[in-house]
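Enquirer: got a predicted model here, sequence first, then my questions.
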Amino acid sequence: MSSAQIADRPDVNEMVVIHRAFRREFRAIPALIRDITPGDTARSAIVADHASQMLVFLDVHHRGEDELLWPVLLERVDLHADLVRRIAAQHEVVAALITKANQQLPEWTAEPSRIAGESLANVIDDLAQALFAHLDEEERQILPLIEEHLSVEEWSRLGAHGRSQVTSPKQQMQVFGAILEETTPDERARMFAPMPPQAREAWNTQGQPAYDAYIVAVRQSG
């Protein structure tokens, strides 16, 4: 395959990088919740803010797929339509658990008891279980279909949708930092490639240090 042909295909590894952040954060959050000393509202506020932002990030990511990915695939993959519908429907299970977690977060944040914390952590454990199974199947079954059936421009709309929904500087720091955290040098370069030089410089001098301090505070023990 020529380099021109490769360039004409969507870079689906972008989704793998985002999924890596989801797996890491939703694996870690229940333990962070369970580790909090009952009554420590300063600590629960930090963890709740992080959990809330990751839930928003996940919801935005899935809504972008619902609006911009599944309809396009279903127009073009007659032989795989049932597969696409089944994997798309998995979003409904995840969305219900996002809603349940968001319903429990305020009460636990205000009064982080063992009972409330265990209940919230269990919901996020359930979310993680459903989400990880979905991500595994999406990477295995859907990403090859995206490479074959979507144009680069169509694929780019997903990223543009996500960026349009994450608008505050704080949200941008939390989400972009989470995405970049476990990237390889090549993946990181590809994530930075579409950004103007001023934005790359701002991230390196301001965004990255802010994320590093933020995530250390989130993951501290206690």
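Expert: Structure received.
Enquirer: give me the number of residues near the residue nearest to Leu105 when sequence neighbours are not counted?
Expert: Residue nearest to Leu105 in three dimensions, not counting chain neighbours: Ala48, with 5.4 Å by Cβ to Cβ, 6 or more residues apart in numbering. Just so you know, the C-beta spots here come from the backbone N, C-alpha and C atoms, and that holds for glycine as well. If you count neighbours by other Cβ atoms under 10 Å, Ala48 ends up with 22.
Enquirer: now swap in the one 3 residues further on and tell me
Expert: Taking other Cβ under 10 Å as the criterion, the count of residues near Ala51 is 27.
Enquirer: please apply the same query to Ile98.
Expert: As a burial measure, Ile98 scores 21 neighbours (other Cβ under 10 Å).
Enquirer: pLDDT wise, what is Arg2 at?
Expert: No, residue 2 isn't Arg; it's Ser. Ser2 carries a pLDDT value of 32.
Enquirer: no, scratch that, I was asking about Val47
Expert: pLDDT recorded at Val47 is 98.
Enquirer: so how far is the one helix or strand it maps to off the chain centroid?
Expert: Element membership of Val47, judged by DSSP states H and E, is helix 41-68. Relative to its parent chain, helix 41-68 has a centroid offset of 8 Å by Cα atoms, centre = their mean, to the nearest Å.
Enquirer: stretch 92-100 now?
Expert: In terms of Cα atoms, centre = their mean, the centre of stretch 92-100 is set 14 Å apart from its chain centre.
Enquirer: same question for stretch 103-112.
Expert: Between the centre of stretch 103-112 and the centre of its chain there are 22 Å (Cα atoms, centre = their mean).
Enquirer: now tell me what touches it from outside.
Expert: Stretch 103-112 is contacted by residues 33, 36-41, 43-45, 48, 51-52, 116-117, 119-120, 123 when judged by Cβ atoms under 8 Å, 6 or more residues apart in numbering.
Enquirer: recalculate using a threshold of 6 Å.
Expert: Contact with stretch 103-112 is made by 36, 44-45, 48, 116-117, 120, as judged by Cβ atoms under 6 Å, 6 or more residues apart in numbering.
Enquirer: also stretch 209-222?
Expert: With contact meaning Cβ under 6 Å, 6+ apart, stretch 209-222 is reached by 46, 50, 173, 177.
Enquirer: okay, now the unreliable bits of the protein?
Expert: Applying pLDDT under 70 to the chain flags residues 1-7, 221-222.
Enquirer: try it again at 50.
Expert: Within the chain, the set of residues satisfying pLDDT under 50 comprises 1-5.
Enquirer: select the longest helix from it.
Expert: Ranked by residue count under DSSP state H, the longest helix found in the chain is helix 81-110.
Enquirer: could you give the angle of it to helix 41-68?
Expert: Helix 81-110 runs at 160 degrees relative to helix 41-68, counting by axes from the mean of the first three to the mean of the last three Cα atoms, to 10 degrees.
Enquirer: any buried residues in helix 81-110, and which?
Expert: Using 16 or more other Cβ atoms under 10 Å as the burial criterion, the residues of helix 81-110 that qualify are 84, 87-88, 90-91, 93-95, 97-98, 100-101, 104-105, 108-109.
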